[in-house]
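Peer 1: build me a model:
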Amino acid sequence: MKERNKYMTYEEVFSKSKEIIMASDVSGIEGHLAVEIDIVGEGEGAFYIELKDGTLYVEPYEYYDNDCKFIVSAKNFLKLANGSLDAVFAFTTGKLRVDGSIEKALEFQKIVEAVKKKKKQAAM
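Peer 2: The predicted model follows:
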């Protein structure tokens, strides 16, 4: 008999997301990006990720002046954040909804690439 996965609370989803995102080195990325993440279903809640001239912020609040908003399940967001789920694929298959600027949403990939680069360096 398969063991059922433990239910993730909002706090656990936020904490894991922040851990993944903050592990990236975005010091060389200029400009500004503000993405609100709306988790639906298990662990429901909102938080934001802001990249501002090479500094990253991940905070447990809604960000009303965002460039775009991701509406996604916790499971799929964690996969997006660690690079195991492509954002364009997730969007086209309905696993990710985007409100706001699609162009800015695509810039989120810069953060994901920084996460993947850091993971690759740690594995060496």
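Peer 1: the bottom helix or strand of the chain by mean pLDDT?
Peer 2: The weakest-scoring helix or strand in the chain, judged by mean pLDDT, DSSP states H and E, is helix 102-123 (a mean of 85).
Peer 1: helices and strands around that helix, which ones?
Peer 2: Judged by 3 or more Cβ pairs under 8 Å, 6 or more residues apart in numbering; DSSP states H and E, helix 102-123 is in contact with helix 10-22, strand 32-40, strand 45-52, strand 68-73, helix 74-82, helix 87-92. Using the backbone N, CA and C atoms, a C-beta is placed for each residue, glycine as well.
Peer 1: quick one: buried residues of that helix?
Peer 2: K104, A105, E107, F108, K110, I111, V112, A114, V115 (16 or more other Cβ atoms under 10 Å).
Peer 1: got CSV for those residues, with distance to E59 too?
Peer 2: Listed next are the buried residues of helix 102-123 as CSV, based on distance: Cβ to Cβ, whole Å:
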residue, distance to E59
K104, 18
A105, 19
E107, 19
F108, 16
K110, 19
I111, 15
V112, 19
A114, 18
V115, 18
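Peer 1: how near is the residue nearest in space to the middle of the chain to V35?
Peer 2: Note on the chain: the residue nearest the mean C-alpha position is A81, at 4.5 Å, using Cα atoms, centre = their mean. Noted for A81: a distance of 11 Å to V35, by Cβ to Cβ, to the nearest Å.
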